[in-house]
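Colleague: model this:
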Amino acid sequence: MTSGEVDPAGHVTSPRGFVAGAAYAGIKTYGEGKLDLAILVSELPCTTAATFTRSRLQAAAVDIDRAKLAARPARGVVVNSGIANASTGRRGIEDGYALARLAAQRAGIQEDEMLVCSTGVIGQYLPMERLAAAMPKVVLSREGGAEFARAIITTDTRPKTGAVRFGPYTIGGACKGSGMIHPNMATMLAFLTTDAPVEAGFLRAAFSRAVDDSFNLVSVDGDTSPSDTAVVFANGAAGGELIAAGSALAAKFESALRALCVHLAREIARDGEGATKLVEFSVREAASPEDARHLVRLLSTSYLLKSAIHGADPNWGRITAVIGRSGVTFNDDAVTIDLCGVRVFEHGRPTAFNAAALSQAMRGSEVSIEVALGAGQEAATGWGCDLSAEYVAINADYHT
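Modeller: Below is the predicted model:
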């Protein structure tokens, strides 16, 4: 693994001192080699940071994890997939705590050190008897990262993992998310681990910034989830001096953390439900960071634009329409638009370009859209996907 470069074959157990494992509890009814119950735990105490959905209808796990992290750092998480345990009232809270207790006993840690996450169908109760019966089948090992990543997915077509090195340290990660993705902190879960010793306050600040530049700028369909959670565990197993704000490795740690989060966010967009293309949206020359981010999110959720991208139609008018309704500040005579690297609109006027050649370029697996607003110096980049008929088919049959 080259320092600073993300290795997509890495896992949450790539850093030293982390173990993971998974089993099948009989919740998921889809997917080959089904796994739906997973545990990730550090062999050492950790500093921990997390971000959660801002939905006012939060899943039971979100309420539980907020309360636990307010009391002490965590060092593990148990995840079930297939049922979200959301909108399940008091019983959902009780079941979530019970699941965390079972996992803590299995992992040999304190109950209040074990977080819990659930993902899947909203409005159904956890099958606690099946989960309890499956828990002893979870075998924790330093090779268990791949099983963990498989077990947490729902409609995803593949696991999403990665690892990156900086100095003598490693950061590993796994995430899930394919539909109901428009993070406001998506059905997105992300778990990151590092063997670096990181001071708690700096970890929280760096993780918040990394999430804001990655998971908060990815969208599949514009819908947010009650379960969205991103957590990072730092156990210091590789030794060395504490990494804090202003320390020698602080910038390298934050850069590596952001790179891994961006990699995972891109993989979520690439694997969006029914997606055939990853789309990168870049906005520059914005008047404010808020304008740049807002326009990225509007572009990534325009069904007209997403449909045009799916059909490889270089209809840049779909982009100007979004700019026009966005409410962001722009200079009419300075706006430019590049589509797959081809300038299609410049200084308020269309340009001459080979539409057939551009359409051919748009048939690739990745499409880029870059907008310059001519109103300032701020910029943002986010990721989305095209809109296909398969997206409708997946979600028409998701519950039934």
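
Colleague: can we go C-alpha only for contacts and neighbour counts from here?
Modeller: OK.

Colleague: can you give me the strands in the stretch 101-250 of the chain?
Modeller: 114-121, 160-166, 169-176, 189-194, 229-234 (DSSP state E, counting those that start in this stretch).

Colleague: got these as CSV, with mean neighbour count and distance to residue 34 columns?
Modeller: Shown next, in CSV, are the strands of the stretch 101-250 of the chain (neighbours: other Cα atoms under 10 Å; distance: least, Cα to Cα, whole Å):
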stretch, mean neighbour count, distance to residue 34
strand 114-121, 26, 14
strand 160-166, 26, 16
strand 169-176, 28, 15
strand 189-194, 27, 18
strand 229-234, 25, 23
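
Colleague: Out of those strands, flag the one nearest residue 368.
Modeller: Nearest of these to residue 368, taken as Cα to Cα: strand 160-166 at 21.6 Å.

Colleague: tell me which element residue 343 falls in.
Modeller: strand 342-346 (DSSP states H and E).

Colleague: tell me the mean pLDDT for the longest helix along the chain?
Modeller: Using DSSP state H to define each element, the chain has its longest helix at helix 250-270. Averaging pLDDT along helix 250-270 yields 95.

Colleague: which residues make contact with it from outside it?
Modeller: The set of residues external to helix 250-270 that reach it, using Cα atoms under 8 Å, 6 or more residues apart in numbering, is 4-6, 160-167, 171-178, 206-207, 209-211, 213-215, 218-220, 243-244, 276-279, 383-385.

Colleague: Let's see that with 7 Å instead.
Modeller: Contact partners of helix 250-270, identified using Cα atoms under 7 Å, 6 or more residues apart in numbering, comprise 4, 6, 160-164, 166, 175, 177-178, 206, 210-211, 214-215, 218-220, 243-244, 277-278, 383-385.

Colleague: Helices of the stretch 301-400 of the chain, start to end?
Modeller: 303-310, 317-325, 355-362, 389-396 (DSSP state H, counting those that start in this stretch).

Colleague: The second one packs against which elements?
Modeller: Just to be clear, that refers to helix 317-325. Counting contacts by 3 or more Cα pairs under 7 Å, 6 or more residues apart in numbering; DSSP states H and E, helix 317-325 packs against helix 303-310.

Colleague: roughly how far apart are the residue sitting furthest away from the middle of the chain and residue 331?
Modeller: Computed with Cα atoms, centre = their mean, the residue of the chain farthest from its C-alpha average is residue 352, at 38.3 Å. Using Cα to Cα, to the nearest Å, one obtains 21 Å as the distance from residue 352 to residue 331.

Colleague: again, but for residue 19
Modeller: Distance from residue 19 to residue 331, counting by Cα to Cα: 53 Å.

Colleague: ok, now residue 165?
Modeller: 42 Å.

Colleague: So what sits opposite residue 349 in the bridge?
Modeller: Residue 349 has these beta-bridge partners by DSSP bridges: residue 346.

Colleague: So for it, what pLDDT did the model give?
Modeller: At residue 349, pLDDT is 93.

Colleague: That one - how many residues pack around it?
Modeller: Here the number of neighbours of residue 349 (other Cα atoms under 10 Å) works out to 13.

Colleague: So it versus residue 343, what's the distance?
Modeller: Counting by Cα to Cα, the gap from residue 349 to residue 343 is 11 Å.

Colleague: again, but for residue 25
Modeller: Distance, residue 25 to residue 343, using Cα to Cα: 53 Å.

Colleague: Compare neighbour counts for the two and give me the winner.
Modeller: residue 25 (23 against 16).

Colleague: Quick check, that one in contact with residue 131.
Modeller: Yes: under the criterion of Cα atoms under 7 Å, residue 25 makes contact with residue 131 at 5.4 Å.

Colleague: hey, what's in contact with both of these two?
Modeller: Contacts common to residue 25 and residue 131, judged by Cα under 7 Å, 6+ apart, are absent.

Colleague: Just give the number of residues close to the residue lying closest to the residue farthest from the centre of the chain once chain neighbours are set aside.
Modeller: Once flanking residues are discounted, residue 352 sits nearest to residue 344: 7.2 Å by Cα to Cα, 6 or more residues apart in numbering. By the criterion of other Cα under 10 Å, residue 344 has 22 neighbours.
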